[in-house]
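K.L.:
give the three-dimensional model of this entry:
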Amino acid sequence: MISINDLTVSFGGFTLLDSINFHISDGEHIALVGKNGAGKSTILKLIMGVESPTEGRILKPQDITIGYLPQIMEYSKDRSVIDEAMTAFADMFAMQDRMEQINTELATRTDYESAGYHKLIEELNDINDRLAFAQSDSPRLQAEKTLIGLGFKKEELERKRGTFSQGWNMRVELAKVLLKRPKVIMLDEPTNHLDIESIQWLEDYLTSYSGTLLLISHDRRFLDRVTNRTVEIMLGKIHDYKVSYSKFKELRAERMAQQRAAYENQQRMIEKTEEFIEKFRYKPTKSNQVQSRIKQLDKLERIEVEVEDNSALSVKFPPAPRSGDVVLKVREMAAGYDNGRKVVFKDADMTIMRGEKVAFVGRNGEGKSTMMKILTSELYPLEGEAALGYNVSMGYYAQNQEDILDKNDTVFDTLDKVAVGDIRFKLRDILGAFLFRGEDIEKKVAVLSGGERSRLAMAKLILKPYNLLALDEPTNHMDIRSKDILKQALVKYDGTLVIVSHDRDFLDGLVDKVYEFRDGKIKEHLGGISAFLERRKIENLSELEIQSVESKKEVASPKKAAPAPAPAEEKGAKLSYEEQKELRRKQKQVEICEKKIRTLEEKMKEIEGKLAAPEAGTDIDSLTREYLELKRELDIKMEEWLMLSEN
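P.N.:
Residues are numbered from 1 along each chain as shown. Below is the predicted model:
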């Protein structure tokens, strides 16, 4: 379907992609993997026509529809979430308008036998067929279901996009891609800003998606679930494996080991042959054998070991100047937006001492980034106070680097603008430590990948000795090796650290205190991330985002149903007749609600079974829509059950 032929991308004397070839067939789900800056995002841009190759070409059908989610996006902040999502149906609305025009024209024409009249009839039939295929539910209902599946609440759909974070706006763009129902979907790091429920919803959607998928992600589990072919980009070349990501890692290791072993064996054979030739070259009795060995070496196809990209960051933070004992003090603080009309959390108390390494964890939208903005004075408390301690100098890594770095600056200019003193003479060395070498330093920020921008932003933190580092999702665009190196640098850092992250492996062994953002409150947990997770009886941070839902289901399930409220007689004789009557009425409501919950769960379980092993002719889209509708209804019933149980 899409054919990439002898594709080369070069700029400034550097070759990013070197004569690569591969074919993308209809229905394949492909993972593009490789280090940051290897060219993964570039391939997607080339297919979309956003960029052009230096040499080679990309062949694709003219009528192909492609949905593309870039890593870095621009969007209108004034449009509401639902209105933006509805733009995905622009082609459908245009077809409807055209259909009305044709009907109006046909109603006024009388040349029924003319070629023009028949052409209009054919066009009308074609539009009818396309609209019938595209329309299952109404466009607005489809948009609402998709947005809710990606984590939005129904009451948030009318809010303007400017009131949401970069992560939530990425979900709007993702919804637009999915709603267009293209033949090809290309997603560049779609899970960076998704919580676990939304990731699961997207996994389910992509698993059942029958079209072609090209996916870039550093999330191994996500890749394993939704892809069945892995294309690795390394040092300008590609290595194609018709397997999932985990299997690719195994096969790649085996291939490299076999290649090295074969190379070493051949080198030993060559060495012995050359020794024989050199030893008997001038002996007449051995001349035939010598000539035979020489011809053998000439004809030998030499084994070459593929060069691996072993480059890695080199991060070391400067020694931290001494600050006061108390680095941050938060007292009875409330925070939010829109002049207090949206309160994210309240009654927050927090004390961070010098040298502590602290993690902020919790679901998206619970206020972690909001607290970071308060630390940097980008936002101010609605109530209470938040104050930095004596002599605190803070280095801040923001989640949305694309809004902070100047796209018109070069890599070198980005550091040169903020560097002062003797360190200005070391900027090239610092950039080299962050893998910006040679002509890389003259690249414009606008052309950098997400991972390269992350490294550049981190390099800025090296320029000055800070005693407080505030890092908001620093590993979102980093490959696994870069994450490990950054973690070790932060472990050795002797200042105070505050970090927002969903990555348990990154936080484990790094932080010694956890603040959990949950249900509009902030709770302190002493000890590292493993101790926190053990206390919460969960296996990983992502489960924080679904634990509340799961606990509700466990309580409501038939086998583990919570005991119904006690009858009035058992509650004590102090209750009046009217109070006893009201208690019995609530008890009846709880029982009805629990029965409905059990029914919904049974229906969902039945659909899950069908989706797990669909039979021939199964309408997967219809089942998925029914499942999401049941889930929405179940969530409503859960909330109702909680309210009844608490009263």
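K.L.:
so for residue 113, what's the pLDDT?
P.N.:
Looking at residue 113, its pLDDT stands at 80.
K.L.:
hmm, I typed the wrong one, I wanted residue 47.
P.N.:
91.
K.L.:
which residue is the nearest non-sequential neighbour of it?
P.N.:
residue 58 (5.9 Å; CB to CB, 6 or more residues apart in numbering). Quick note: C-beta positions are derived from backbone N, CA and C, even for glycine.
K.L.:
quick check: that neighbour touching residue 4?
P.N.:
Yes. Contact status for residue 58 versus residue 4: in contact at 5.5 Å, counting by CB atoms under 8 Å.
K.L.:
picking that back up, ok, the residue nearest to residue 47 to residue 299 distance?
P.N.:
The gap separating residue 58 from residue 299 is 38 Å, by CB to CB, to the nearest Å.
K.L.:
same drill for those two, tell me which one is more crowded.
P.N.:
More crowded of residue 58 and residue 299, by other CB atoms under 10 Å: residue 58, with 17 against 7.
K.L.:
name the residues that touch the helix or strand hosting the more buried one?
P.N.:
With secondary structure defined by DSSP states H and E, residue 58 is part of strand 55-59. Applying CB atoms under 8 Å, 6 or more residues apart in numbering, the contact partners of strand 55-59 are 2-8, 19-20, 46-47.
K.L.:
show the buried residues in those residues.
P.N.:
2, 4, 7, 20, 46-47 (16 or more other CB atoms under 10 Å).
K.L.:
returning to that earlier point: the contacts of strand 55-59 into JSON lines, with extra columns for secondary structure?
P.N.:
Shown next, in JSON lines, are those (DSSP: H, G, I helix; E, B strand; the rest coil):
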{"residue": "2", "secondary structure": "strand"}
{"residue": "3", "secondary structure": "strand"}
{"residue": "4", "secondary structure": "strand"}
{"residue": "5", "secondary structure": "strand"}
{"residue": "6", "secondary structure": "strand"}
{"residue": "7", "secondary structure": "strand"}
{"residue": "8", "secondary structure": "strand"}
{"residue": "19", "secondary structure": "strand"}
{"residue": "20", "secondary structure": "strand"}
{"residue": "46", "secondary structure": "helix"}
{"residue": "47", "secondary structure": "helix"}
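K.L.:
which one of the residues you listed is nearest residue 292?
P.N.:
residue 19 (36.9 Å; CB to CB).
K.L.:
gap between the closest one and residue 6?
P.N.:
5 Å.
K.L.:
do residue 639 as well
P.N.:
Counting by CB to CB - residue 639 and residue 6 are separated by 58 Å.
K.L.:
do residue 254 as well
P.N.:
29 Å.
K.L.:
neighbours around residue 379, how many?
P.N.:
Quick note: residue 379 (other CB under 10 Å) scores 18 neighbours.
K.L.:
make sure it is indeed in a strand.
P.N.:
No. With three-state DSSP as the criterion, residue 379 is assigned coil and is not in a strand.
K.L.:
so it makes contact with residue 333?
P.N.:
No. Counting by CB under 8 Å, residue 379 stays clear of residue 333, with 11.2 Å between them.
K.L.:
state the helix or strand in which the closest residue to residue 618 other than its chain neighbours lies.
P.N.:
Sequence neighbours aside, residue 610 is the residue nearest to residue 618 in space, at 6.5 Å (criterion: CB to CB, 6+ apart). If you go by DSSP H and E, residue 610 is part of helix 577-612.
K.L.:
which of the residues in that helix are buried?
P.N.:
580, 583, 587, 590, 593-594, 596-597, 600-601, 604, 607, 611.
K.L.:
re the thing from before, what do residue 58 and residue 4 both touch?
P.N.:
By CB under 8 Å, 6+ apart, the residues touching both residue 58 and residue 4 are 46-47.
K.L.:
in the chain, which helix or strand is least confident?
P.N.:
Ranked by mean pLDDT, DSSP states H and E, the helix or strand of the chain with the weakest confidence is helix 568-571, at a mean of 39.
K.L.:
so for the helix holding residue 610, mean pLDDT?
P.N.:
For helix 577-612, the per-residue pLDDT averages 74.
K.L.:
strands along the stretch 401-550 of the chain, start to end?
P.N.:
With strands called from DSSP state E, counting those that start in this stretch, the stretch 401-550 of the chain shows them at 468-472, 496-500, 513-518, 521-526.
K.L.:
how far off strand 513-518 does the last one point, in degrees?
P.N.:
Relative orientation of strand 521-526 versus strand 513-518 (axes from the mean of the first three to the mean of the last three CA atoms, to 10 degrees): 160 degrees.
K.L.:
tell me the secondary structure at the spatially most central residue of the chain.
P.N.:
The chain has residue 191 as the residue nearest its centroid, 1.8 Å off, counting by CA atoms, centre = their mean. Residue 191 falls in the coil class when you classify it by three-state DSSP.
K.L.:
from memory it sits against residue 220, does it?
P.N.:
No. At 11.0 Å, residue 191 does not count as touching residue 220 under the criterion of CB under 8 Å.
K.L.:
which residues in the stretch 151-300 of the chain form helices?
P.N.:
For the stretch 151-300 of the chain, the helices defined by DSSP state H, counting those that start in this stretch cover 166-179, 196-208, 220-226, 245-280, 287-299.
K.L.:
again, but for the stretch 401-550 of the chain
P.N.:
With DSSP H, counting those that start in this stretch as the criterion, the stretch 401-550 of the chain has helices spanning 411-416, 427-433, 450-460, 480-492, 504-507, 529-535, 544-556.
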